[in-house]
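coords below, sequence missing:
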């Protein structure tokens with residue numbers, strides 16, 4: 001297993017490089033200000049105006065959790081849309097991302113790796129129960145499949161929020177999440193009351209530690225991209241190009257797909273929402289220059305693959321070229 005000191009040094013070097021990129025990106029300057037420490041490392045990056053980097057996985061082994069935690073990543077998303085739906089396995093995987101040596105070295109409770117997941121329900125289906133299960137385990141974000149319009153995005157946001165107190169300055173979108181935070185608060189290292197204060201959506205709540213990520217995968221979603229990105233509580237939009245191409249009725253890589261990607265990216269930039277997709281090493285530098293901020297290196301099992309590592313290296317190359 002890699003040395004945690006090496007992991008911390010690598011993360012620090014990459015943070016310096018990507019900060020230069022993030023601070024130059026129009027539209028993210030509003031978030032590039034000093035703020036309290038975020039427990040969610042992805043939100044810490046976004047609040048500083050920086051891109052964030054991660055992988056997807058269907059490997060829920062403890063070994064994979066350990067390896068990815070000590071890789072130079074900000075997040076991992078567990079793909080349970082196409083992989084087995086096992087909340088027990090997801091919980092154990094999330095526990096495997098706790099690196100006590102790194103926590104002691106760093107001197108704070110910020111997670112080394114934010115764990116997100118995506119699940120079988122589409123935006124047009126009931127998403128409330130799946131979000132509740134994920135967040136009660138202790139995840140720091142949920143990826144919602146095939147969000148086609150603002151109404152579906154709003155319902156997804158509501159599923160992640162607790163009902164607000166009467167004197168809340170942020171009562172809308174009204175929360176639907178039920179109260180049972182014991183597992184999540186223990187994983188985050190907080191009391192239940194502290195967890196409640198932090199378990200809200202950023203950037204809607206600047207102190208929130210949860211990220212609501214909407215996937216756009218259909219022609220309808222592209223048409224409604226601006227409305228989806230404008231929903232309060234949406235923190236990022238992630239694109240599934242293969243399903244999008246199918247919905248558009250064209251082969252993958254067709255010009256219509258790239259045009260749709262551009263439409264979604266512009267909507268994200270207009271509303272200060274991070275935009276992301278899976279990227280190869282070859283496309284990574286240009287995507288970063290274009291303003292993509294959720295940089296996914298692809299699927300990883302047993303730690304980073306050679307393709308993951310090449311794409312990760314390309315993120316540093318892009319930052320140095322600016």
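Nice, I can see it. The model shown is predicted, which means the values in this text are computed figures rather than measured ones. Numbering: from 1, shown residues only.

doesn't residue 173 make contact with residue 157?
Yes. With contact defined as C-beta atoms under 8 Å, residue 157 reaches residue 173; the gap is 5.0 Å. (C-beta placed from N, C-alpha, C; glycine too.)

When those two are compared, which one has more neighbours?
Set residue 157 next to residue 173 and count neighbours by other C-beta atoms under 10 Å: residue 157 wins out with 26 against 21.

ok so that one is a helix residue?
Yes. Assessed with DSSP: H, G, I helix; E, B strand; the rest coil, residue 157 lies in a helix.

just to revisit the earlier point, list residues touching both of residue 157 and residue 173?
Residues touching both residue 157 and residue 173 (C-beta atoms under 8 Å, 6 or more residues apart in numbering): 231-233.

Please convert the buried members of these into PyMOL selection syntax.
Only the buried entries of those go into this PyMOL selection, using 16 or more other C-beta atoms under 10 Å:
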select buried, resi 231+233
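
Of the shared contacts of residue 157 and residue 173, which belong to helices?
If you go by DSSP state H, the shared contacts of residue 157 and residue 173 have nothing in helices.

Tell me the spacing between residue 119 and residue 292.
24 Å (C-beta to C-beta, to the nearest Å).

for residue 310, same thing?
Taking C-beta to C-beta, one finds residue 310 at 17 Å from residue 292.

The two: which is more packed in?
For residue 310 versus residue 292, neighbours defined as other C-beta under 10 Å are more numerous around residue 292 (24 against 16).

On the three-state scheme, the closest residue to that one other than its chain neighbours is what?
Spatial nearest neighbour of residue 292, excluding adjacent residues (C-beta to C-beta, 6 or more residues apart in numbering): residue 275 at 5.5 Å. Per three-state DSSP, the secondary structure class of residue 275 is strand.

Okay, and the beta partners of residue 275?
Judged by DSSP bridges, the bridge partners of residue 275 are residue 237.

count of neighbours near it?
Residue 275 has 24 nearby residues by other C-beta under 10 Å.

To which secondary structure element is the nearest residue to residue 178 once chain neighbours are set aside assigned?
Distances taken as C-beta to C-beta, 6+ apart place residue 132 nearest to residue 178, at 6.0 Å, with adjacent residues excluded. Secondary structure assignment for residue 132, by DSSP states H and E: helix 128-137.

which residues are in contact with that helix?
Counting by C-beta under 8 Å, 6+ apart, 87, 90-91, 94, 117, 119-121, 142, 144, 155-156, 158-160, 176-178, 180-181, 183-184, 187, 199, 210 sit against helix 128-137.

again, but for stretch 257-269
Against stretch 257-269 from outside (C-beta under 8 Å, 6+ apart): 26-27, 216, 219, 222, 225-226, 228-229, 236-237, 239, 241, 244-245, 248, 250, 273-275, 277, 290-292.

Please type out the ChimeraX selection for whichever of those residues turn out to be buried.
This is how ChimeraX selects the buried members of the contacts of stretch 257-269, with burial counted by 16+ other C-beta under 10 Å:
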select :216,219,222,225,228,229,236,237,239,241,244,245,248,273,274,275,277,291,292
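
Let me see the mean pLDDT of stretch 285-296.
What stretch 285-296 shows for mean pLDDT is 97.

Quick check: the gap between residue 159 and residue 121.
When residue 159 is compared with residue 121 (using C-beta to C-beta), they lie 10 Å apart.

Of the two, give the one with the bigger neighbour count.
Per other C-beta under 10 Å, whichever of residue 159 and residue 121 has more neighbours is residue 159, with 23 against 18.

Could you double-check that that one lies in contact with residue 127?
Yes. The criterion here is C-beta under 8 Å, and residue 159 meets it with residue 127 at 5.4 Å.

Mutual contacts of those two, please.
Joint contacts of residue 159 and residue 127 (C-beta under 8 Å, 6+ apart) do not exist.

Quick one: low-confidence residue ranges for the stretch 201-322 of the chain.
For the stretch 201-322 of the chain, the stretches with pLDDT under 70 are 317-322.
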